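Student: kindly generate the corresponding structure for this input.
(one chain, ligands or ions: 1)
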Amino acid sequence: ISTETTLAGIHFDNCLMNAAGVYCYDADELNQIQKSAAGTFVTKSATVVPRAGNPEPRYLSTPWGSINSMGLPNKGLPYYLDYVSQQQTLFPEKRYFQSITGFNIDEDEALLKQITDSDFNGLVELNLSCPNVPGKPQTGYDFETVEQILTRVFEVYEGPLGVKLPPYFDIVHFDQMAAILNQFPLAFINSVNSIGNGLTIDAATERVSIKPKHGFGGIGGDYIKPTALANVHTFYQRLKPEIQIIGTGGVKSGQDVFEHLLCGASMVQVGTALHKEGPQIFDRLTAELQTIMQQKGYNKIADFKGKLKYLD
Ligand SMILES: C=Cc1c(C(=O)O)[nH]c(=O)[nH]c1=O
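Tutor: I've put the predicted structure just below:
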């Protein structure tokens, strides 16, 4: 029973990894994912210069998931490129993900040029969906800008690259985004980022849970699994087969992983549940997925990937 997978022609021993933003801020956290049962890791979305992020409290775990308005705290791209370079030397057969996010198209280009000029041999995850930088709109909801960014990106970058997308909620939006994405030689898309600008409150104190943005933040966890599965499956139906899908959102059990794969994901990322349980979650999720596969008579992911059945 194998939970290995292939993405952009690259083999990973396990289809599970962290979601950008969780357990990936610095070398200490990334080392923990590296040592875990995860097949690889993605770094925290890196910006041109380091950022402290938003004031705390900026993250809250709730019974059904999480809310966050981190504000893109990160060590800056050079830090992560150095770390990944070390890991590439230690583990030459492994490939890693570098998440990046510019605040404009020129920053995206600058970040990609830095990666090109480095010895990075992994995959780039261009984050188009950070919901928590006050004053900055969700790029992923601005279709013209997405098209402009991807046009520039593929003029300047040649390595395997995918985009981290926000969740969409409208069939016409799915059609429009798929039509844009299908124009480009993307290695993958990653659906979904947190559902932006949710609000959780504490009835006892009559206050919001987090400090930034009057308590508004990205929602993750159980709350978002139906939305995540719909986005994964919709893009699986609409994108050309060369563009694979990373499924993110609401994963906390082997069944959740199975559901994302059934909807068409080739890789599955874990955020909120990883934050709660720690990197040993990957042992549990892998074992639970293998049990489900065994019960159903599947030996490998290809046996059921994307084979969700309809009732018609
Ligand atoms: C990269 C910024 C993001 C953040 C953040 O740093 O606030 N939180 C998310 O839920 N998703 C993001 O993409």
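Student: show me the contacts for Q98.
Tutor: Residues in contact with Q98 (C-beta atoms under 8 Å, 6 or more residues apart in numbering) are 42-43, 46, 77, 80-81, 84, 115, 120, 122-125. The way it works is simple: take the backbone N, C-alpha and C, and place the C-beta from them, glycine included.
Student: try 7 Å this time
Tutor: Neighbouring residues of Q98 by C-beta atoms under 7 Å, 6 or more residues apart in numbering: 43, 46, 80, 84, 115, 120, 122, 124-125.
Student: tabulate those residues (JSON lines), appending distance to the ligand and neighbour count.
Tutor: Formatted as JSON lines, the contacts of Q98 follow (distance: C-beta to the nearest ligand atom, whole Å; neighbours: other C-beta atoms under 10 Å):
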{"residue": "T43", "distance to the ligand": "11", "neighbour count": "29"}
{"residue": "A46", "distance to the ligand": "9", "neighbour count": "27"}
{"residue": "Y80", "distance to the ligand": "13", "neighbour count": "28"}
{"residue": "V84", "distance to the ligand": "18", "neighbour count": "23"}
{"residue": "I115", "distance to the ligand": "17", "neighbour count": "21"}
{"residue": "F120", "distance to the ligand": "19", "neighbour count": "20"}
{"residue": "G122", "distance to the ligand": "18", "neighbour count": "22"}
{"residue": "V124", "distance to the ligand": "14", "neighbour count": "22"}
{"residue": "E125", "distance to the ligand": "10", "neighbour count": "25"}
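Student: for the top helix by length along the chain, packing partners?
Tutor: Taking DSSP state H as the criterion, the chain has its longest helix at helix 281-296. Judged by 3 or more C-beta pairs under 7 Å, 6 or more residues apart in numbering; DSSP states H and E, helix 281-296 is in contact with strand 16-18, helix 254-262.
Student: what pLDDT, on average, does whatever helix or strand comes next after the longest one get?
Tutor: Once helix 254-262 ends, the next helix or strand along the chain (criterion: DSSP states H and E) is strand 267-270. Strand 267-270 shows a mean pLDDT of 99.
Student: repeat that for stretch 245-253.
Tutor: 99.
Student: give me the distance between the two termini of it.
Tutor: Start-to-end span of stretch 245-253 (C-alpha to C-alpha, to the nearest Å) is 19 Å.
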